[in-house]
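1. Let me see the structure of the following:
(one chain, ligands or ions: 1)
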Amino acid sequence: MTITLPAFTPLEDSLWLTLCGRALDNRSSRPILGDATSDQIVRTLDYDYDKLHIDTNFRLSVALRAKKLDQVVGDFLARHPDAVVLDLGVGLDTRHARLTVPARADWYDVDFPAVAAVRERLIPADPNRHVIGADVRDPGWLDAVPTGRPAVIVADGLMGFLSEDEMVSLWNRLLSHFPSGELVFNAYTRFAVWVARHARGTKSVAGLMRFPGMDDPRKPESWNPKLRLVREIVLSNEPEVAEFPPRWRLFQRLIAHSTTLSRMASFVLHYRF
Ligand SMILES: C[S@@+](CC[C@H](N)C(=O)[O-])C[C@H]1O[C@@H](n2cnc3c(N)ncnc32)[C@H](O)[C@@H]1O
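-> Got it, this is the predicted structure:
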């Protein structure tokens, strides 16, 4: 398949970091996520990932956080087979292909129109999977999404690009659209934002980060009374760390003693409403 990619904006281009992180995880000797589809997409597009300088730590953290986000979405779908799934800032991720999606569920992949157009050409259509090309900050796109059903909303790599006000108003719109559901995303503390702005592996997105960082996972509970924290998932405490290469396993074990350091790369926040 030959696909000529449009010129993405730097913000849209950020999708390569996570996509290539998962592809490289799949090519490693002990994959954490084992996402063969991301790998295939990178091969098909013949993307030169060397220029991203993805290091082992970033690759492991991208793969592990995707796995944790998948688990939350998968558990929700097992309990609510008629759910609506929203994957916000989806890029070229194929989370639906990593999960068992019940026939009654509807899955919505949302990203800017240019990204959505590439997705539609690259990833085979499916009657229950829909692509919405929109800026998530615009209120109108939710009109295309059914209401009255439980929803699980996932965002991998998106929230750092929204200001806090934009995030609050997006969440409030989502929470008033659905009767109940769960929200899960990778989050950043103020320190993690500082690290992302200065690390070599995230240099390409350093100037695009707008979220100031959040040190208290309960803070969003004050943004909307329906919102309750279910769990903060600190990646260095997760069992998959045992599968990391020895040096990185030791690194994670050491930073696990410090909340500040273990939230440094990224951690996952899971809420219900
Ligand atoms: C770091 S990438 C992550 C992509 C994907 N979730 C993944 O894990 O591979 C961030 C994505 O968010 C999208 N994005 C950023 N701001 C957005 C916005 N305001 N509306 C829609 N998409 C947005 C970008 O286009 C990009 O695809």
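2. How many neighbouring residues does Asp93 have?
-> 27 (other C-beta atoms under 10 Å). C-beta here means a position set from N, CA and C on the backbone, and glycine is covered the same way.
3. Sorry, slip of the keys, the one I care about is Leu122.
-> 16.
4. Please apply the same query to Arg121.
-> For Arg121, using other C-beta under 10 Å, the count is 10.
5. Return the per-residue confidence for it.
-> Here, the pLDDT recorded for Arg121 equals 92.
6. what helix or strand is it on?
-> helix 113-122 (DSSP states H and E).
7. contacting residues around that helix?
-> 1, 3, 5-6, 8-9, 12, 15, 41, 44-45, 90-92, 109-111, 131-134 (C-beta atoms under 8 Å, 6 or more residues apart in numbering).
8. and these near the ligand, which?
-> Filtering these for proximity to the ligand (criterion: C-beta under 6 Å from any ligand atom) leaves Glu12, Leu15, Val90, Gly91, Asp111.
9. secondary structure class for Val184?
-> State at Val184, reduced to three classes by DSSP: H, G, I helix; E, B strand; the rest coil: strand.
10. For it, grab the count of nearby residues.
-> 25.
11. now it: how far from Leu261?
-> Look at Val184 and Leu261: by C-beta to C-beta, to the nearest Å, they are 23 Å apart.
12. again, but for Asp216
-> Counting by C-beta to C-beta - Asp216 and Leu261 are separated by 17 Å.
13. Compare the two (neighbour count), which wins?
-> Leu261 (15 against 10).
14. Quick check, that one in contact with Ile255.
-> Yes - counting by C-beta atoms under 8 Å, Ile255 is a contact partner of Leu261 at 4.0 Å.
15. what's near enough to touch the residue of the stretch 101-250 of the chain found nearest the ligand?
-> Residue nearest to the ligand within the stretch 101-250 of the chain (C-beta to the nearest ligand atom): Gly157, separated by 3.0 Å. Taking C-beta under 8 Å, 6+ apart as the criterion, Gly157 is in contact with Ser14, Leu15, Leu17, Thr18, Gly89, Gly91, Asn186.
16. same check, this time on Ala134
-> Val110, Phe112, Pro113, Ala116, Gly140, Trp141.
17. Most neighbours of all the residues you listed, which one?
-> Val110 (25 neighbours).
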